[in-house]
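> Sequence and predicted structure below; questions after.
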Amino acid sequence: MTRITRRAALIGFLLMGVSTGAAHAEGTGRIFVSNEKGNALTVLSAKDYSPVGEVKTGRQPRGMVFSPDHKRLYVACGGADRIDIVDVATLKVVDRIGKISDPETFALDAAGQHLYASNEEASELTVIDIATKQIMRHFKVGLEPEGVLLNHDDTKVYVASEGSNLVHVFDLASGARKDIAVGTRPRRFAMTPDGKELWVSTELAGQVDVIDTATNAVTGKIDFLPPGMRKEDVSPVALVIDGEGKTAYVTLGRANHVGIVDVASRKVTGYVLVGQRPWGITFSKDQKRLFVANGGSDDVSIIDTAARKVVKSVPVGHYPYGVAIDE
Amino acid sequence: MSERARLLLAALAAAWLAVAPAWAAPLGNAVTIGYLQLADDPRYDERTGPGDTPITPGRPVAGAEMGVNEINLASAASGRSFTLAKAEAETAAALAARIDDLVKSGAHWVLVDAPDAAMADLAKAERDRDLLLLNISARGDGLRGPACQKNLANVIPGRGMLADALAQLLVARKWPDVLILQGPLEEDKANAAAFEHAAKRFGLKITAKRDFLLSNDPREREKDNVALLTGDASYDVVFVADAEGEFARDLPYRTIRPRPVIGATGLVPTAWSWSWDRYGAPQVNHRFEKANERHMEAADWAAWVAVRAIGDAVRNSGAKDMAEVDAYLLGPNLSLDGAKGPPLSFRAWDHQLRQPILLATADAVIAEAPLPGFLHATNVLDTLGADQPETTCHF
């Protein structure tokens, strides 16, 4: 980029920030990528996915969630034991919630008031009140908790304990805990739109376990084997289910593919080759695109969901972990 | 043996494991895991380190205790609980009697921390018993070869696996020429032999092999003078076999040629390292360090992972008796998380836990074997140690 075009881009970017300031419900469409070892977020343009900015964060930025009005982006910085709060308009860290032990992923309630964060080293789930920045509740969980998911009406929270091969479900009213035994090294969740099924990736088992949320029983296991790969190369991590509850997409880690699953039949219907060690995966709002953070090749693969093909690969920072889109 | 005969044998072995014998002990809600160690084990003798600092290696029972805490946490909801029944034998001859005590207290699985010869004798004595011994510290390849047996599982990697890991690194780095320095102990000879076997397997060249002595005797200068030991030879790397470590400790930087030292010091192949920082290893290390105020060593890791394997097998097999648990534990569906990357399971042909080997210096893991590019027809982890076609183990 020449100096003049860079300046033009900067001005355009500043104007965009101003002009969309009043209409945040619509969002800027910008794509935020957390770079675990780059200690920064890469921000990509909605139009052509070119880089439009960078947000310096605390060490090891991983999980990201927008506030309901999309004015703020919460970023878990595990290496800094805090959650940074990014102003989406100015792309600056404007505030932080400190003294959170090694946060990695977290969930936000619908009201945007409480953060549910897993603390890997402390074997806890903590509930943080955003307004006061205080920890309101601690839940004891198994070893190395990772994925956190709130059900659709915020009455239950699910936590995956990687080191104990358990999914815990807490009833938020009573605080009661139930444990569900799942496959080896459970990682992340996705819930069907009707809330009846919870899908959890089990990294070392190379599967996705399907949990019936009414009975807390594992009712199915989905295997993956992309062409030319071996079972032990398949390490499922993140997963998303579309708004119709028809199709799920699972990043397969070492296998360098995204697996596509028909939700009703639980059959794998295809694989898309992406970059190395695909980790986080996020839908665009219209569900026409999927953004996959490839931790091993420092880029993001953009998948056309209809064509089931990567339409573009965009270089980002070091060890991209997750993707959040402002729309 | 023909391939067909081998397959038939494998099928028979599988059938033996799969069909629970009528006498198989039932699996209750209170599960006892036995732990047996040899008191008089020279591997844990206090040593004098640099500046007369005493070095007392920790006993791996700490790893087993951590494992039991963890599997209890994971099975709290199922109503099942595990306890560790510990026993110690004063002498190798008394090990078998202690096993009797452990069995009386309800143990079907017994982790054993004993050196090669004692482990082999004990295994032989228990050959026909309805129990499963888990070897967590003996590295002798005989236990995975001619002295193998159905009711013995080797959790710690054998010498052959460790040597293969080093050899793969030398091939990957294109350092093919090796000078071997070998100490006077039986273990030194076994380590050197394992490395020579690995060198042959992976196409390295041993340019010279020399015996060393820890001595100041001028009449023994060919053996105790590092300049003479490492001179008059061409090599990319020096492999030193020194189980005591006293000679190896200050060998680096004293070699005549500027070449790295590997084996007993410098770059060491190991099942585990405190400096390993991938695949959840920092959390495992932190938990161990918090409870024991020392680093987790290879045998600690093996004890931990042995208990975790039992926990996984009890939970995931849906078994009603011990024989069914063992069939799952030693079978292809075990998918054990050892914090080393791939899922771990036992090899059907010699009951060795297949696992990556770490190549570590004093404060960093330089590489994880199998190194990239070392391929295998079914599982790349089986490029380390005796593979099925070459096994000398016949149950």
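That came in fine, so what should we check first? Residues are numbered from 1 along each chain as shown, chains lettered A, B, ... in the order given.
> would you list every one of the helices in the stretch 1-150 of chain B?
B:3-18, B:61-75, B:95-104, B:116-125 (DSSP state H, counting those that start in this stretch).
> ah, wrong one, I meant chain A
A:3-19 (DSSP state H).
> Quick check, pLDDT for the residue of it found nearest chain B.
Proximity to chain B, evaluated over chain A using C-beta to the nearest C-beta, is greatest for A:Asp179 at 3.6 Å. Where you see a C-beta, it was placed from the backbone N, CA and C, and this is true even at glycine. Per-residue confidence (pLDDT) for A:Asp179: 96.
> need the least confident one among the helices of the stretch 1-150 of chain B, by mean pLDDT.
Lowest mean pLDDT within the helices of the stretch 1-150 of chain B: helix B:3-18, a mean of 53.
> hang on, the earlier thing: pull the contacting residues for the residue of chain A closest to chain B.
A:142, A:166-168, B:76-77 (C-beta atoms under 8 Å, 6 or more residues apart in numbering or on different chains).
> Whichever of these end up buried, select them in ChimeraX.
Filtering the contacts of A:Asp179 down to the buried ones (16 or more other C-beta atoms under 10 Å in any protein chain shown) takes a single ChimeraX command:
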select /A:142,166,167,168
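> Which members of the contacts of A:Asp179 are the farthest-apart pair?
Spatial extent of the contacts of A:Asp179 (C-beta to C-beta) is set by the pair A:Val167 and B:Ala76 at 13.7 Å.
> Who are the contact partners of the closest residue to A:Lys99 other than its chain neighbours?
Spatial nearest neighbour of A:Lys99, excluding adjacent residues (C-beta to C-beta, 6 or more residues apart in numbering or on different chains): A:Asp81 at 6.5 Å. Residues in contact with A:Asp81 (C-beta under 8 Å, 6+ apart) are A:98-103.
> List the residues that contact the nearest residue to B:Gln388 once chain neighbours are set aside.
Closest residue to B:Gln388 apart from its sequence neighbours, by C-beta to C-beta, 6+ apart: B:Trp349 at 4.8 Å. Contact analysis of B:Trp349 by C-beta under 8 Å, 6+ apart lists B:10, B:386, B:388, B:391, B:393.
> My read is that the last one contacts B:Pro146, right?
Which is B:Cys393. Yes. Counting by C-beta atoms under 8 Å, B:Pro146 is a contact partner of B:Cys393 at 7.2 Å.
> how close does whichever residue of chain B sits closest to chain A sit to A:Ala176?
Among the residues of chain B, B:Ala77 lies closest to chain A, at 3.6 Å counting by C-beta to the nearest C-beta. According to C-beta to C-beta, to the nearest Å, B:Ala77 and A:Ala176 sit 12 Å apart.
> With B:Gly34 instead?
Distance, B:Gly34 to A:Ala176, using C-beta to C-beta: 36 Å.
> B:Leu166 contacts B:Phe239, doesn't it?
Yes. With contact defined as C-beta under 8 Å, B:Leu166 and B:Phe239 form a contacting pair (7.4 Å).
> returning to what we had before: could you check the pLDDT of the residue nearest to A:Lys99?
94.
> Could you do B:Asp52 as well?
pLDDT, read off for B:Asp52, is 77.
> The one 3 residues further on now?
The per-residue pLDDT reported for B:Ile55 equals 78.
> Cross-check the contact I'm expecting between it and B:Tyr44.
No. With contacts counted by C-beta under 8 Å, B:Ile55 stays clear of B:Tyr44, the gap being 10.5 Å.
> So between these two, which is more surrounded?
B:Tyr44 (19 against 11; other C-beta atoms under 10 Å in any protein chain shown).
> Quick check: closest non-adjacent residue to that one.
B:Tyr44's closest residue in space is B:Pro57 (C-beta to C-beta, 6+ apart), at 5.2 Å.
> what sits against the one you found?
Per C-beta under 8 Å, 6+ apart, neighbours of B:Pro57: B:43-44, B:47, B:297.
> what's the distance between A:Gln113 and B:Leu185?
Separation of A:Gln113 from B:Leu185 (C-beta to C-beta) stands at 67 Å.
> How far does stretch B:205-224 stretch from one end to the other?
One end of stretch B:205-224 sits 24 Å from the other (C-alpha to C-alpha, to the nearest Å).
> Would you list the phi and psi of the spatially most central residue of chain B?
Nearest residue to the geometric centre of chain B (C-alpha atoms, centre = their mean): B:Ile156, 2.1 Å. When quoted as degrees, to the nearest 10, the phi and psi of B:Ile156 stand at phi -80, psi 140.
> And the residue lying closest to it once chain neighbours are set aside, how far from B:Glu88?
Sequence neighbours aside, B:Ala302 is the residue nearest to B:Ile156 in space, at 4.2 Å (criterion: C-beta to C-beta, 6+ apart). Going from B:Ala302 to B:Glu88 by C-beta to C-beta gives 18 Å.
> same thing with A:Thr90?
Taking C-beta to C-beta, one finds A:Thr90 at 66 Å from B:Glu88.
> what's the answer for A:Met191, then?
Taking C-beta to C-beta, one finds A:Met191 at 51 Å from B:Glu88.
> OK, contacts around the closest residue to B:Thr91 other than its chain neighbours?
Take B:Thr91 and drop its neighbours on the chain: the residue closest to it by C-beta to C-beta, 6+ apart is B:Asp40, 6.0 Å away. Residues near B:Asp40 by C-beta under 8 Å, 6+ apart: B:90-92.
> From the residues you listed, list the buried ones, please.
Looks like these have B:Ala92 buried, using 16+ other C-beta under 10 Å.
> circling back: closest one of the contacts of A:Asp179 to B:Leu229?
If you rank the contacts of A:Asp179 by distance to B:Leu229 using C-beta to C-beta, A:Gly142 comes first, at 52.5 Å.
> Tell me if I'm right that the closest one and A:Arg177 touch.
No. Assessed by C-beta under 8 Å, A:Gly142 is found out of contact with A:Arg177, at 10.3 Å.
> circling back to that earlier point, mind listing what the residue of chain B closest to chain A touches?
So B:Ala77 contacts A:166, A:178-179, A:181 (C-beta under 8 Å, 6+ apart).
> if you set the cut-off to 7 Å instead, what comes out?
Applying C-beta atoms under 7 Å, 6 or more residues apart in numbering or on different chains to B:Ala77 gives the contacts A:178-179.
> Which one's more surrounded, B:Ala302 and B:Glu88?
The neighbour comparison of B:Ala302 against B:Glu88 (other C-beta under 10 Å) goes to B:Ala302, with 28 against 17.
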